[in-house]
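Chemist: With the input below, show me the fold.
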Amino acid sequence: MSWNGDTCAVQPPSAPPPAPECTDTPTGWMTSQGLTCAAWTYGLKQNCEDNPRWEEDEICKKSCFDIGMPWNGYTCATYPPTAPPPAGSAPCTDEPSAYMEKQDPPLTCAVYTYGISRYCANGTSPSSYWASQKYCQQSCFSAGLPYPGDDCPAIEPPTPPAPPVLPCKSCVDVKTPWMIANGKECATYLLTPYAEKEDFCTTTQYTYNGYCSKTCADLGKDYENCCI
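Modeler: Down below sits the predicted model:
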């Protein structure tokens, strides 16, 4: 209502003050254990709303707000999420834990399959300490046990080295005692139906004593790397 036809400018309602920035300070014990507020979800659920010391010292204030457990209903500044990098574009580290480095010889993430299967995310015994430090990050990802939010590039396994090429040797036909006593030759005897059935060239008796090695090689059953 106005009097005498007065017209007044309508003022828009003032915007509420922005929410304050919140700190995320861990306790001294958390720092000594390598735990961060964001990673220690168990501790947040136990202390955010029920620990007066956390409220007094503003311990993990931002993380408590982020999980919906702020004491006395305080508000922290929030920001729209940033666009994630393209899949597989973020480089990942593969740093071992202090325990792994102290072993003799030191353990690398690539060979510590026991620890990877247990301590990575979703392993048989996930470690919050490993998660807070992201130990063996690439190996955990490659094993299908990535830490939350990780999207490491795929790593092709190294190509195994080719087996060494050994020089061939000049082989001769050493006859078995039975062949000598019965006047048999390797080149003819090993072609008999009985010898083919017994497959003498693959038996320990022949390979250990070097019997008929040349004929065995000629038959495609080389056991001494003979030069053919």
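Chemist: Show the end-to-end separation of stretch 47-55, please.
Modeler: 9 Å (Cα to Cα, to the nearest Å).
Chemist: which other residues reach it?
Modeler: 59-60, 63-64, 67, 69-72 (Cβ atoms under 8 Å, 6 or more residues apart in numbering). Placement of C-beta: from N, CA and C, glycine included.
Chemist: chain center to that stretch, what's the gap?
Modeler: Relative to the centre of its chain, stretch 47-55 is centred 36 Å away, using Cα atoms, centre = their mean, to the nearest Å.
Chemist: Report the mean confidence score over it.
Modeler: For stretch 47-55, the mean pLDDT works out to 89.
Chemist: same question, stretch 68-79
Modeler: Stretch 68-79 comes out at a mean pLDDT of 82.
Chemist: what does that stretch contact?
Modeler: 18-22, 44-45, 48-49, 54-55, 61-62, 64-66.
Chemist: Equivalent analysis for stretch 25-35, please.
Modeler: 36-37, 40, 43, 57-61, 128-129, 132-133.
Chemist: tell me the contacts of the most centrally placed residue in the chain?
Modeler: With distances taken as Cα atoms, centre = their mean, residue 139 lies nearest the centre of the chain, 2.0 Å away. Each residue near residue 139 by Cβ under 8 Å, 6+ apart is listed here: 94, 109-110, 112, 116, 120.
Chemist: Need the residues you listed in TSV (columns: pLDDT).
Modeler: Shown next, in TSV, are the contacts of residue 139 (pLDDT from 0 to 100):
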residue	pLDDT
94	92
109	93
110	90
112	94
116	93
120	92
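Chemist: Can you give the distance of the host helix or strand of the residue nearest to the centre of the chain from its chain's centre?
Modeler: Assigned by DSSP states H and E, residue 139 belongs to helix 137-142. The chain centre lies 3 Å from the centre of helix 137-142; the measure is Cα atoms, centre = their mean.
Chemist: Show me how to select, in ChimeraX, the buried members of the contacts of stretch 68-79.
Modeler: A single ChimeraX command is used to select the members of these judged buried by 16 or more other Cβ atoms under 10 Å:
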select :22,44,48,54,55,61,62,64,65,66
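Chemist: Report the two of the contacts of stretch 68-79 separated the most.
Modeler: The distance between the two most remote of these (Cβ to Cβ) is 28.2 Å, for 18 and 45.
Chemist: Kindly provide the distance from residue 193 to residue 199.
Modeler: Counting by Cβ to Cβ, to the nearest Å, the gap from residue 193 to residue 199 is 12 Å.
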